[in-house]
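Sequence unavailable; structure follows:
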């Protein structure tokens, strides 16, 4: 079994900050790319930011300069620091990890349960 457990969501005023965390646990051989996605009501789930095991990052244009993705490979944990939050950032945020469970297996994608981020005054 593999679990991704997210934390850190909540209600914040416009211009505020939040830090999301997502820890992978269970039967894991290696964790490759990790990322954050979000889904607003009535919309599809879209990528926010991704990070490779080597630390290379990518961001969707709307969050560049405001959000920072990072990871701790020893803890199999990915973070999303969100600054200068806007109402349009309101969504359920999901983490994703590409995980190999055994040395001989192919990687597969796993999702966290989602954490609500609401930006409102």
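Perfect, I can see it now. Because the structure is predicted, anything quoted here is derived from the model rather than measured. Numbering: from 1, shown residues only.

Quick check: residue 13 touching residue 119?
Yes. Contact status for residue 13 versus residue 119: in contact at 7.3 Å, counting by Cβ atoms under 8 Å. All C-beta spots, glycine's among them, are computed from the backbone N, C-alpha and C.

quick one: which of those two has more around it?
The neighbour count for residue 13 versus residue 119, taken as other Cβ atoms under 10 Å, is higher for residue 119 (19 against 10).

What's opposite that one in the beta bridge?
Under the criterion DSSP bridges, residue 119 forms beta bridges with residue 12.

residue contacts, it?
The neighbours of residue 119, taking Cβ atoms under 8 Å, 6 or more residues apart in numbering as the test, are 12-14, 16, 85-90.

Can you tell me the element the one residue sitting closest to the centre of the chain falls in?
In the chain, the centroid-proximal residue (Cα atoms, centre = their mean) is residue 36; its distance is 2.8 Å. Assigning secondary structure by DSSP states H and E places residue 36 in strand 30-39.

Tell me which strands the helix or strand following that strand pairs with, and in which orientation.
Counting by DSSP H and E, the next helix or strand C-terminal to strand 30-39 is strand 46-51. Counting by DSSP bridges, the strands paired with strand 46-51 are strand 30-39 (antiparallel), strand 57-59 (antiparallel).

So what are the sheet partners of whichever helix or strand comes after the shortest one and their directions?
Right, strand 57-59. With elements assigned by DSSP H and E, the helix or strand that comes after strand 57-59 is strand 67-72. Strand 67-72 has the following sheet partners, assigned by DSSP bridges: strand 77-82 (antiparallel).
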